[in-house]
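> return a 3D structure for these sequence lines:
(chains A and B)
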Number of protein chains: 2
Amino acid sequence: MSEDTVGLAPAGPFPPAERAAVYRAIRERRDVRGQFRPDPIDPALLRRLLQAAHDGPSVGLSQPWNFILLRDPALRARLHAAFQTANAEAAARFPDRAALYSSLKLEGILQAPLNLCITCDRTRGGAHVLGRTHDPSTDLYSTACAVQNLWLAARAEGIGVGWVSIFRPEDLRSILRLPDHVVPVAYLCLGHVRELHTQPELQARGWGRRLPLDDLIFEDSWDSRPTA
Amino acid sequence: MSEDTVGLAPAGPFPPAERAAVYRAIRERRDVRGQFRPDPIDPALLRRLLQAAHDGPSVGLSQPWNFILLRDPALRARLHAAFQTANAEAAARFPDRAALYSSLKLEGILQAPLNLCITCDRTRGGAHVLGRTHDPSTDLYSTACAVQNLWLAARAEGIGVGWVSIFRPEDLRSILRLPDHVVPVAYLCLGHVRELHTQPELQARGWGRRLPLDDLIFEDSWDSRPTA
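Presented below is the predicted three-dimensional model:
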């Protein structure tokens, strides 16, 4: 087997029904805050979700992620308190929209049967990582891609995922005992859901709106509109 | 309709065949360098891929991404030269593995019928973005999640995607005329593929190995192994 063909197998487009399923997961995925059911996530199902994340792309095959399952009720209570502290600070940044901000449910830390922190170990793979030589942020991007894999797999499994990003960084670091070289990329709440929002909740509630895709597409350089 | 139920619709697990399709895309996705066919990507197909990216999660619904389609041959030649400059610098970081490093094909800039740079506008959404008040990197994570959406949709469409991260940042910025507030998160090569590697190419070629998933799972704090 030549170097050009090592381990290659035929590949092509999925059949239409399979292709539609992938787009369905992408389209129906939601950031879940209020729809979690209390029933636990089956260990085999959870394993599939973690494997999906672990199947993510990583710069230089560095696989910089770790998965911290958060189950202990006392720990979860501390995390919820840390969220509340940060969220009070956050609310003050939006004085013109204080009532709307306060009405938004932005986490399901205690309601969801499982919380999960996905981290990025900045030292994984050693001092030099192939593909990371010129952009040191690529390991963080890899970790975010792993999060998205898990999120889409979760949609297909009927598991809702909510990403909570409102913590003081030092609080998360202290409560989860993260060493300095480890970055908490995503704090996620997970649980079964029976219903989901049909559009992003921040859109439905009037906080933001979908940008037209055409406005975001350039050709050959920044701010240059496609000709065709 | 109460605030708690605005825009909710029934949701649950996908039927088994649809669920399997989502996992298939996740499992079979590869970082493609050498398998691109020269035939162009149909505009409607490309539109579906960009829509998949645009359906990605974004902090505070900020949608910080832009999509720069790179078609101009002269521009692509400059980008390829920029890669070669950076890759020579990169190779010098791996003196013990110089022969193996040099044998790896790490880009398909000229071979792929389309290149695409996905950027993150750090100013999108204004001075204060909901959910980004305590972690300013969350807009970059959103953009990486959009990249992963596109990558999985591409697998389902029979389109290979290769992520090229070996550029001097100032070269990409200059060639694509990016303003200072815009970060080039992912430089992608796209094209039809008829075959794909059955495992990550860096694994097949002996550069790296898959880490055991169990080694990456903690419970309740860093470095604490699950008891169950």
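> do stretch A:83-96 and chain B meet at all?
Yes: part of stretch A:83-96 sits near chain B under the criterion Cβ under 8 Å from any Cβ of the partner chain, namely A:86, A:89, A:90, A:93, A:94. Every residue, glycine included, has its C-beta placed from N, CA and C.
> ok, of those, which come out buried?
Neighbour counting with 16 or more other Cβ atoms under 10 Å in any protein chain shown marks A:86, A:90, A:94 as buried within those.
> would you check that the last one makes contact with residue A:103?
No: look at residue A:94 against residue A:103 with Cβ atoms under 8 Å: they stay out of range, at 11.8 Å.
> circling back: just the buried ones among the residues of stretch A:83-96 next to chain B: which are in helices?
In helices, judged by DSSP state H, the following of those are found: A:86, A:90.
> could you dump the buried ones among the residues of stretch A:83-96 next to chain B into JSON lines and include pLDDT?
Below are those laid out as JSON lines (pLDDT from 0 to 100):
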{"residue": "A:86", "pLDDT": "98"}
{"residue": "A:90", "pLDDT": "97"}
{"residue": "A:94", "pLDDT": "97"}
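> turn the buried ones among the residues of stretch A:83-96 next to chain B into CSV, columns for distance to residue A:204.
Converted to CSV, those look like this (distance: Cβ to Cβ, whole Å):
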residue, distance to residue A:204
A:86, 24
A:90, 20
A:94, 18
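> strands of chain A, start to end?
A:8-10, A:65-70, A:114-121, A:159-164, A:182-192, A:195-197, A:217-219 (DSSP state E).
> just give me the neighbour total for residue A:128.
Using other Cβ atoms under 10 Å in any protein chain shown, residue A:128 has 14 other residues around it.
> and what of residue A:198?
14.
> so it sits right up against residue B:9, yeah?
Yes: because the distance of 4.9 Å satisfies Cβ under 8 Å, residue A:198 is recorded as touching residue B:9.
> ok, residue A:114 - contacts?
A:40, A:41, A:46, A:69, A:70, A:71, A:189, A:190, A:191 (Cβ atoms under 8 Å, 6 or more residues apart in numbering or on different chains).
> now swap in residue A:25 and tell me
A:152, A:153, A:155, A:156, B:14, B:22.
> redo the residues you listed as JSON lines? Include neighbour count.
Below are the contacts of residue A:25 laid out as JSON lines (neighbours: other Cβ atoms under 10 Å in any protein chain shown):
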{"residue": "A:152", "neighbour count": "27"}
{"residue": "A:153", "neighbour count": "25"}
{"residue": "A:155", "neighbour count": "26"}
{"residue": "A:156", "neighbour count": "27"}
{"residue": "B:14", "neighbour count": "19"}
{"residue": "B:22", "neighbour count": "27"}
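> so which of those is the closest to residue A:121?
Distances from residue A:121 to these, taken as Cβ to Cβ, are shortest for residue A:153 (22.3 Å).
> tell me the most buried of the strands of chain A?
Most buried of the strands of chain A, by mean neighbour count (mean count of other Cβ atoms under 10 Å in any protein chain shown): strand A:159-164, with a mean of 26.
> name the residues that touch that one?
So strand A:159-164 is contacted by A:29-33, A:35-36, A:41, A:45, A:49, A:83, A:106-109, A:112, A:147, A:150-151, A:154-155, A:186-193, A:196, B:57, B:131 (Cβ under 8 Å, 6+ apart).
> pick the one among the buried ones among the residues of stretch A:83-96 next to chain B closest to residue B:206.
For those, the nearest to residue B:206 is residue A:86 (45.2 Å; Cβ to Cβ).
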